[in-house]
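Engineer: below are the sequence and a predicted model for it; my questions follow.
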Amino acid sequence: MLLNTRILTPEGFAALSEAADKLQSKTELAWDYSIPIQNPVSFLPCVDRQGRKFIPKIGVKEISVVTPANSEAIPFKKWDIALTLEFEDESVHCPRWHFDMANLDQPGPITHLQYGGYKHAPHNHLDSSVQQPRWFTPPMDVILLCEVVAANFFQEIWIQSLRQERRWLALIHQS
């Protein structure tokens, strides 16, 4: 649907399809997947308020689900997914939001959203040096993050073609 509505690139669709195929072929309750940032779920170019082109990209370092040890434990062994806005102009800071789990000794919520700039050599001075806050968020997978990108960066298409599309809503609900 995201390819047909002209939101995803063919390469982004291929990355998403590869992860979906892996998940559909799973035979156990525990599962994992990744989408390397070198081959991300990439979207068609967007333009910011200043007229600069950027491409939203989603990478999944790893999402790994296991059967929890008890009813109070979360089912995630690993959860690390990121959205980067990669600007055409390499001197422009590339915003990056990542969703992950805190390390055992790390302060803040266990599952959180954190803002952090993307290292864009040789312009490392553009990277964000602020590590906090870590905002609590329930775990988000690649489909839910695609929904965020569609609703925020492709608003007209999202409103006209996705927001009420039953198949898309079923995918969102299942995620």
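Structural biologist: Cool, the structure landed. Remember, it's a predicted structure, so these values are computed and weren't measured experimentally.

Engineer: what segments of the protein are helices?
Structural biologist: Secondary structure of the chain (DSSP state H): helices at 10-24, 142-153, 155-157, 166-174.

Engineer: for the closest residue in space to residue 19 that isn't next to it in sequence, give me its contacts.
Structural biologist: Setting aside the residues directly before and after it, residue 19 is nearest to residue 33 in space (CB to CB, 6 or more residues apart in numbering), at 4.7 Å. For glycine as for every other residue, the C-beta is placed from the backbone atoms N, C-alpha and C. For residue 33, the contact set (CB atoms under 8 Å, 6 or more residues apart in numbering) comprises 19, 22-23, 60, 62-63.

Engineer: show me where pLDDT drops low in the chain?
Structural biologist: 117-132 (pLDDT under 70).

Engineer: most distant residue from the centre of the chain?
Structural biologist: Distance from the C-alpha centroid of the chain peaks at residue 70, with 28.1 Å (CA atoms, centre = their mean).

Engineer: most neighbours per residue, which of the helices of the chain?
Structural biologist: Mean neighbour count, computed with mean count of other CB atoms under 10 Å, is highest for helix 142-153 among the helices of the chain, reaching a mean of 19.

Engineer: from the rest of the structure, what touches that one?
Structural biologist: So helix 142-153 is contacted by 2, 7-8, 16, 19, 35, 41, 43, 46, 56, 58, 60, 63, 81, 83, 99, 140, 157-158, 162-163, 171-172, 174-175 (CB under 8 Å, 6+ apart).

Engineer: from the chain's centroid, how far away is that helix?
Structural biologist: In terms of CA atoms, centre = their mean, to the nearest Å, the centre of helix 142-153 is found 8 Å from the chain centre.

Engineer: and for stretch 51-63?
Structural biologist: Worked out by CA atoms, centre = their mean, stretch 51-63 lies 7 Å from the chain centre.

Engineer: excluding its backbone neighbours, what's nearest residue 141?
Structural biologist: residue 175 (5.1 Å).
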